[in-house]
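1. Sequence unavailable; structure follows:
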């Protein structure tokens with residue numbers, strides 16, 4: 001039995017030698033890169049949850065016949081309460097602009113990220129409103 005193990009080990013070594021002596025290992029990211037990647041994924045998921053909550057609170061009077069896009073800046077307290085909301089890029093009408101700001105305050109408190117380091121007290125969200133299916 002011992003001789004068989006030695007023979008198998010010798011065969012394996014020969015295979016490695018024939019392959020140029022290199023054994024391929026799966027590539028892994030350094031710890032810092034994995035942490036940064038996890039943080040980015042968590043922040044993206046959290047921003048989506050906030051955008052969903054904000055869209056659900058967004059009330060527009062009358063039918064929307066055109067596409068509207070805007071960018072809103074939302075400041076949060078540590079517990080998710082909205083402390084301030086402002087437009088970075090207006091929607092295109094004063095009524096829609098006011099409705100977005102009101103929606104941000106109505107959506108308070110915003111959900112918190114599952115991964116605490118992903119929390120950022122200042123978020124900039126792009127919103128879109130159009131007739132038909134959601135953006």
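-> Received the coordinates, thanks. Keep in mind that what you see is a predicted model, and the values were worked out from it rather than measured. Numbering: from 1, shown residues only.

2. Output the below-cut-off pLDDT ranges for this protein.
-> Within the chain, the stretches with pLDDT under 70 are 1-32, 62-65, 130-135.

3. Which residue ranges of it form strands?
-> Along the chain, counting by DSSP state E, strands occupy 68-76, 82-89, 122-129.

4. just so I know, which of the ones you listed lies nearest residue 46?
-> strand 122-129 (8.7 Å; CB to CB). (Each C-beta comes from the backbone N, C-alpha and C, glycine too.)

5. Report the angle between that closest one and strand 68-76.
-> Inter-element angle recorded for strand 122-129 and strand 68-76: 150 degrees (by axes from the mean of the first three to the mean of the last three CA atoms, to 10 degrees).

6. Against which helices or strands is strand 122-129 packed?
-> For strand 122-129, the elements it packs on are helix 31-57, strand 68-76, judged by 3 or more CB pairs under 8 Å, 6 or more residues apart in numbering; DSSP states H and E.

7. residue contacts, residue 72?
-> 54, 85, 86, 87, 88, 100, 101, 104, 124, 125, 127 (CB atoms under 8 Å, 6 or more residues apart in numbering).

8. Give me the buried entries from those residues.
-> 54, 85, 87, 100, 101, 104, 125, 127 (16 or more other CB atoms under 10 Å).

9. now, among those residues, which is nearest to residue 67?
-> Using CB to CB, those come closest to residue 67 at residue 127, 11.4 Å.

10. Tell me how far the residue nearest to the closest one when sequence neighbours are not counted lies from residue 107.
-> With sequence-adjacent residues excluded and distances taken as CB to CB, 6 or more residues apart in numbering, residue 127 is closest to residue 70, at 5.4 Å. When distance is defined by CB to CB, to the nearest Å, residue 70 is 15 Å away from residue 107.

11. Go through stretch 86-106 and flag the buried ones.
-> So for stretch 86-106, counting by 16+ other CB under 10 Å, buried means 87, 91, 96, 97, 99, 100, 101, 103, 104.

12. thought the second one was touching residue 100?
-> Yes: counting by CB atoms under 8 Å, residue 91 sits close enough to residue 100 to count as a contact (6.3 Å).
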